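**Student:** got a sequence here, can you model it:
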Amino acid sequence: MVETAHERFSHFFAETRQGLLRYGRRLTRSKEAAEDIVQEAYARTLEQGQRVQAPKAFLFITARNLAW
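**Tutor:** Residues are numbered from 1 along each chain as shown. Reported below is the predicted structural model:
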């Protein structure tokens, strides 16, 4: 069975969300700011699609850049 893009993203989201939230909270010291950053980081990662060679690294770097 071939996994759809939506299913792949859902798995990626489930695997990375908690770690990314913790990272965002360390960077911002704010739960609300971290949640905003995480949402935007996922949106930007999804927007880049297949161009992203290392999605997890791109996601965390994007979150870091948004926090600065």
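**Student:** which parts of the chain are helices?
**Tutor:** Under the criterion DSSP state H, the chain contains helices at 5-28, 31-48, 55-67.
**Student:** could I get these as TSV with mean pLDDT and mean neighbour count?
**Tutor:** For the C-beta atoms, the positions are set from N, CA and C on the backbone; glycine is no exception. Listed next are the helices of the chain as TSV, based on pLDDT from 0 to 100; neighbours: other C-beta atoms under 10 Å:
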stretch	mean pLDDT	mean neighbour count
helix 5-28	95	14
helix 31-48	96	16
helix 55-67	97	17
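**Student:** specify the residue positioned farthest from the middle of the chain.
**Tutor:** Among the residues of the chain, the one whose C-alpha is farthest from the average of all C-alpha positions is Met1, by C-alpha atoms, centre = their mean at 26.1 Å.
**Student:** send over stretch 32-41 as CSV, restricted to the C-alpha atoms.
**Tutor:** The C-alpha coordinates for stretch 32-41 follow below in CSV (Å, rounded to 0.1, in the frame of the first residue of the first chain):
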residue,chain,number,x,y,z
GLU,A,32,2.0,30.7,23.2
ALA,A,33,5.0,32.0,21.2
ALA,A,34,6.3,28.5,20.8
GLU,A,35,2.9,27.3,19.5
ASP,A,36,2.8,30.1,17.0
ILE,A,37,6.4,29.3,15.8
VAL,A,38,5.6,25.6,15.5
GLN,A,39,2.6,26.3,13.4
GLU,A,40,4.5,28.6,11.1
ALA,A,41,7.5,26.2,10.9
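**Student:** what's next to that stretch, contact-wise?
**Tutor:** For stretch 32-41, the external contacting residues (C-beta atoms under 8 Å, 6 or more residues apart in numbering) are 17, 20-21, 24-25, 27-28, 59-60, 62-63, 66-67.
**Student:** how distant is it from the center of its chain?
**Tutor:** The gap between where stretch 32-41 is centred and where its chain is centred comes out at 9 Å by C-alpha atoms, centre = their mean, to the nearest Å.
**Student:** how close does Gln18 sit to Val2?
**Tutor:** Taking C-beta to C-beta, to the nearest Å as the measure, Gln18 falls 27 Å from Val2.
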